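Undergrad: next one to model:
(one chain, ligands or ions: 1)
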Amino acid sequence: MPALDIHGIKVEFPFTAYEVQKSYMTKVIQALNTHQNAALESPTGTGKTLCLLCSTLAWRRQHLNELKKHANPVSQEETWSSSEKSKDSAIPAPKIIYASRTHSQISQVVKELKRTEYGKDITISILGSREQMCIHPEVSKQTSNQAMVHMCRGKINKHTCQFYNNVEDAKKNNIFTTKVMDIEELVTVGKSRTVCPYYSEREVSKQNECGIIFTPYNYLLDRKSRATNNLEIRGNIVIFDEAHNLEKLCEESTSFDLTSLEVAKCIEEVGDVLDAATKFEESGTVADGHENGESSSLSEFKSQDLAIMKSVFIALEKLLDQVELNKDTKSRSEPGKFMFEFLSKINLTESTYQIMLDVVDKISTYLSTLSNSLRIRGAALQKFSEIVKVAFSWMEDETKGHMTRAQRMQELCMCYRVHICENAETGKSADVWKRSANTSSKPGRTISFWCFSPGYAMTNLVKCGVRNLILTSGTLSPLESFTSELQIDFPITLENDHVIDKHQVFVITLTHGKKGGLLNSTFKTRKDVNQVQELGLTVADMIAAAPGGALVFFPSYSAMAEYLTIWKENSNVMTLVEKVKPCTVEPKNKHELRTAIDKYYTDVNTGGGTFLAVCRGKVSEGLDFSDDNGRTVIIVGIPYPPAFDPRIKMKMAFLDDLRTKGATTLLTGREWYRQQACRAVNQAIGRVIRHRYDYGAIVLCDHRYAGRDQLSELPKWVQPHVVKFNNAAKCIRRLRSFFCSVNEKEKNRLKEAYEYCEFDSKAETSSCKSLSPKTGIATNVKTLNSNKRAKVCIKYSESDQHNNYDMYMSPVSISQPTSTKKRKISSIEKSGPAKQKKSLLDALDNIVSDDEEISDENNSAQNNMPTATTIPDIRKFKQRKKIIVKKKGTQFETSKENTKQESSNNSNQALSFDSTRLTSGPYQYYIECTKSTLSTPLYLEFKKAARDYTKNGDVETVFNSLHDVFMVVGSQHPELLSSFVRFIRAEHRAQYTKLCSARTKQSISILAPQLCRI
Ligand code: SF4
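TA: Below you'll find the predicted structure:
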């Protein structure tokens, strides 16, 4: 693939870049060349991550080469592609600090990086959490993060973690830097070499050679975390991916809540150490429960200090109890400075906070060494320590050296508000013997110190010397208000178009329901049975009209619960929906989410499923619902934040206050409130189109969406596609015909994906690349270009077969797409009967031809789509599809009757893979099974991995790629992964088999030796 030249930077991009991708990379390089910040929006599915990696790494590589030339003028010969791990790698170049919200997002980005040219020679570091990276058998089993932290620290202090003890050696031997590894691979290497990956990666991040540091947001936003993790941002490039929640995260990372129960636990913890220290002082004996601690540590405590500390916490508990609250609301709101007045009453001030922190940290560290899996100790003090650090962060802010203490505190207080309220639970410790003197049984209280200015954290980050700040997401719009909230200048911005064509998305606003009633889902109408029922019946018909999976988003969990109650108890809505596509409800508990998602995917695979979820929930934010997993997104109502939540009310009042004081660039409280709703909608509708060949419908079910204001706040790429309806029946008819027409178009276009030939779209003919660099057999194969969509298959002459490439070679032929109807006569027929084919690539190409027939059948079925009220059996579409697949094969050809029987017995509908049939069958059997098992994107990944292997012969890479494809959590197919050994070159098979056994933990015995023979 020829490199792109963007503003003088040579960018190696693994595919032919689309225009939107070029625009995106141009903006990134523009920002890097000019030292400016950038806010870049590009819809999901436009290859944003890949563009970001390629452009930043290309820029860094070039920058590094220039630095090398200056440092060593003799080596002027250095080329762009020279390895970064050369002997001058100690030259410091800007590092890229890539922040993602979740660990799974980091894994995805690392996976993308491996696919690029840059992934071959860069050193990376992943600053994951202990939950993900700890390999200590006891510590890693802890379910609470706090427990893990305490146990880990305890073991390090006592030198009892053998994995930690080997970190220095691992650093010297480059155990974690030989190649790019994701978290899972780091853990595997860590276990096999008995080295802690968590601490090793922190060591790698400090090295000059390290080009990218992957980190969760919170390590970057919080100054203390940056220091703890040695995350140096000065002079480096900071990227926030999925930055649409950045404002909220900035606010949360600089805010805290302290409950009276937590204060009571602090009293207990200090009291515990006080008692033990006193006993040790008086009698030299160790108190019960302190046997595991080091007596030398206990002897370092002075009873007097501990007694003072305990009295401070008792005073704090009393003080919180005494704050006068509003009798009606049982709460009170105050300006930010109230917090410092409050804390000064227990003598916690800017002059004393450091002394107090030292004592608290010492006690909590000592207690952590006593922690075990049954009891975590010191956690409350640890939390208190973090709270004090947040409250007095302004004291250590090196960027504010020019300001007096009073000015700094005043600046901080302008961004904060204090809130105190009563809690349901009592604020006293359960242990009456260790309770403080104040033994009243009043309800507990919470004092909160809330930051309402995301700019406070962001400006601090920028002032610490960040070279460039790049924020990116699929949904940043409205961009102007987003950047103004962060109070940072973003001279470079982009609101990118989508890569999809017009016919791939259908956006509907619907104002009236099935019976003609107004669709108006507000807080007030939620209990109106008629309105809710009308909405439900309309939604049910929409779900029935669309293929695959449907995602229905409600404004909140409470709204969803109310709607579902009426849909179940006062109407037959849920029965109708269940019959069309079984329902899954998004759970609040994140531990139950995996099970819910697996159920939904199973439903989709067996005919269709409905996911009832909430805006701002996990389903609407981070999950991927590509292809059939998310064909329709239905938004019910407008997801405004809860208006009675004190934090929301205070945020709105805060913004209004700033506006009246002259901050004209900021939003008003009302504007911010509206904007929160529209961001949540934009995020949810981003689920539907996940890649270039995806397609789907977005239905905005509320009359308010038809208003101009609401429409103008939709993402730029969505706005031109909006069609307004006030008649539900007409809307549903159009929805049905959209899916019927798009299905055929997209199936044809899918055939063009992942071509391995480059061709000039303007030329009538063009040359293909050679597939075999080793043999150099096939070159200059000409292909016809029909309507700029020529499909090219490179084939090799049998006479040219080489032992190493035998399985990929078959008679020379050039297949070219014909009209849709003729496509069934593809290269299968031209090359002879299917059973004579010996090439995996043949099988990969020809299986696409089978889709043509499937598509016709499927399409005709969809033309007759029923409505929910007629209780359709959408699953039949899928069954028909599978019957035809089985008819076409030769090795697994069965009678229609048998196939029907098989279909009804196998609810999964995917071909059940039988590895023993490989003994006599051609490759096609394997490919058919793979095709019917994987989703389209995964199948395309599979094809690409197989093809890449034919070119580069990299067995480890092909194994890793296939592992990602076949071992997806919740959909694992080790038999298909291991049976791929059949297509692996003879000299690599032992290695492939070993990798399989190690990673899948399954026996490879299903592969009899003869299966490996071609
Ligand atoms: S040092 Fe590493 S392996 Fe040991 S307990 Fe801590 S995180 Fe786990």
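Undergrad: quickly find the element holding Gly154.
TA: Secondary structure assignment for Gly154, by DSSP states H and E: helix 145-157.
Undergrad: buried sites along that helix?
TA: Of all the residues in helix 145-157, those buried under the rule 16 or more other CB atoms under 10 Å are 146-155. The C-beta positions use only the backbone N, C-alpha and C, and glycine is treated the same way.
Undergrad: turn those into a markdown table, including distance to the ligand.
TA: A markdown table is the format used below for the buried residues of helix 145-157 (distance: CB to the nearest ligand atom, whole Å):
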| residue | distance to the ligand |
| --- | --- |
| Gln146 | 14 |
| Ala147 | 11 |
| Met148 | 8 |
| Val149 | 9 |
| His150 | 10 |
| Met151 | 7 |
| Cys152 | 3 |
| Arg153 | 8 |
| Gly154 | 9 |
| Lys155 | 5 |
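Undergrad: before we move on, the earlier item: helices or strands up against the helix holding Gly154?
TA: If contacts are counted by 3 or more CB pairs under 8 Å, 6 or more residues apart in numbering; DSSP states H and E, helix 145-157 sits against helix 130-133, helix 353-370, helix 379-391.
Undergrad: need the max-distance pair from the buried residues of helix 145-157.
TA: Greatest spacing in these, by CB to CB: Gln146 and Lys155 (15.1 Å).
Undergrad: hmm, Gln504 is touching Val742, no?
TA: Yes - here Gln504 reaches Val742: they are 6.3 Å apart, a contact under CB atoms under 8 Å.
Undergrad: which residues are in contact with both of these two?
TA: Listed as contacting both Gln504 and Val742 by CB atoms under 8 Å, 6 or more residues apart in numbering are Tyr695.
Undergrad: for the ligand, what is the nearest residue in the stretch 651-800 of the chain?
TA: Closest to the ligand within the stretch 651-800 of the chain is Gln683: 33.5 Å, counting by CB to the nearest ligand atom.
Undergrad: look up which helix or strand that residue falls in, please.
TA: If you go by DSSP H and E, Gln683 is part of helix 669-685.
Undergrad: how about that helix: buried residues?
TA: For helix 669-685, the neighbour count (16+ other CB under 10 Å) marks 669, 671-685 as buried.
Undergrad: what does stretch 502-522 give?
TA: Of the residues in stretch 502-522, 504-514, 517, 519-521 count as buried by neighbour count, 16+ other CB under 10 Å.
Undergrad: how far off centre is that stretch?
TA: 30 Å (CA atoms, centre = their mean, to the nearest Å).
Undergrad: same thing with stretch 267-276?
TA: Mean-position distance between stretch 267-276 and its chain equals 42 Å (CA atoms, centre = their mean).
Undergrad: check whether the next helix or strand after the helix holding Gly154 comes near the ligand.
TA: Later in the chain than helix 145-157, the nearest helix or strand by DSSP H and E is helix 162-165. Yes - contact of helix 162-165 with the ligand (CB under 6 Å from any ligand atom) involves 163-164.
Undergrad: what's the burial count for the residue in the stretch 901-1014 of the chain positioned nearest to the ligand?
TA: In the stretch 901-1014 of the chain, the residue that lies nearest the ligand is Ala998 (20.7 Å; CB to the nearest ligand atom). Using other CB atoms under 10 Å, the number of residues around Ala998 comes to 10.
Undergrad: now the host helix or strand of it: buried residues?
TA: Per DSSP H and E, Ala998 falls inside helix 989-1000. Neighbour counts over helix 989-1000 (16+ other CB under 10 Å) mark 989, 992-993, 995-996, 999-1000 as buried.
Undergrad: contact partners for Thr188?
TA: Residues in contact with Thr188, defined by CB under 8 Å, 6+ apart, are absent; none qualify.
Undergrad: relative to Asn960, how far out is it?
TA: Counting by CB to CB, to the nearest Å, the separation of Thr188 from Asn960 is 11 Å.
Undergrad: likewise for Thr459?
TA: For Thr459, the distance to Asn960 - CB to CB - is 41 Å.
Undergrad: who's more crowded, the two?
TA: For Thr459 and Asn960, the more surrounded residue by other CB under 10 Å is Asn960, and the numbers stand at 19 against 16.
Undergrad: which SSE is the more buried one in?
TA: Counting by DSSP H and E, Asn960 is found in helix 955-966.
Undergrad: and the contacts of that helix?
TA: Residues contacting helix 955-966 (CB under 8 Å, 6+ apart): 111, 114, 934, 938, 941-942, 944-946, 948-949, 972-974, 976-977, 980, 984-985, 988, 991-992, 995-996, 999.
Undergrad: just to revisit the earlier point, which pair in the buried residues of stretch 502-522 has the greatest spatial separation?
TA: Within the buried residues of stretch 502-522, Gln504 and Gly517 form the most distant pair, 31.7 Å apart (CB to CB).
Undergrad: for the helix holding Gln683, name the packing helices and strands.
TA: helix 479-486, helix 618-621, strand 632-636, helix 646-660.
Undergrad: can you show me the CA trace of the helix or strand immediately after that helix in the chain as PDB?
TA: Where DSSP H and E defines the elements, the next helix or strand beyond helix 669-685 is strand 696-701. In PDB, the C-alpha atoms belonging to strand 696-701 read as follows (Å, rounded to 0.1, in the frame of the first residue of the first chain):
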ATOM      1  CA  GLY A 696     -29.600   0.400   9.800                       C
ATOM      2  CA  ALA A 697     -32.400   2.600  10.900                       C
ATOM      3  CA  ILE A 698     -32.700   5.200  13.600                       C
ATOM      4  CA  VAL A 699     -36.200   6.000  14.900                       C
ATOM      5  CA  LEU A 700     -36.700   9.000  17.200                       C
ATOM      6  CA  CYS A 701     -40.100   8.300  18.800                       C
END
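Undergrad: what about the strands in the stretch 1-150 of the chain?
TA: Along the stretch 1-150 of the chain, counting by DSSP state E, counting those that start in this stretch, strands occupy 4-6, 9-11, 38-41, 96-100, 123-126.
Undergrad: that older thread, okay, the buried residues of helix 145-157 in CSV with pLDDT next?
TA: Shown next, in CSV, are the buried residues of helix 145-157 (pLDDT from 0 to 100):
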residue, pLDDT
Gln146, 70
Ala147, 73
Met148, 82
Val149, 83
His150, 77
Met151, 81
Cys152, 88
Arg153, 83
Gly154, 80
Lys155, 87
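Undergrad: would you agree Val577 is in contact with Thr538?
TA: No - counting by CB under 8 Å, Val577 stays clear of Thr538, with 11.5 Å between them.
Undergrad: who has more neighbours, those two?
TA: Thr538 (27 against 24).
Undergrad: isn't the more buried one up against Thr511?
TA: No - contact criterion CB under 8 Å: Thr538 and Thr511 do not qualify, at 10.9 Å.
Undergrad: tell me, what's touching the two both at once?
TA: With CB under 8 Å, 6+ apart as the test, Thr538 and Thr511 both reach Leu519.
Undergrad: where in the stretch 301-450 of the chain is pLDDT low?
TA: Low-confidence segments of the stretch 301-450 of the chain (pLDDT under 70): 371-374, 398-401, 424-442.
Undergrad: just the strands from it, written as ranges.
TA: All strands of the stretch 301-450 of the chain, identified by DSSP E, counting those that start in this stretch, fall at 331-335, 416-426, 443-451.
Undergrad: pull out the buried residues from the first one.
TA: I take that to be strand 331-335. Buried residues in strand 331-335, counted by 16+ other CB under 10 Å: 333-334.
Undergrad: hang on, the earlier thing: and which of the buried residues of helix 669-685 is nearest to Arg616?
TA: Closest to Arg616, out of all of the buried residues of helix 669-685 and judged by CB to CB, is Ala680, at 5.1 Å.
Undergrad: can you read off the pLDDT for that closest one?
TA: We note a pLDDT of 91 for Ala680 in this prediction.
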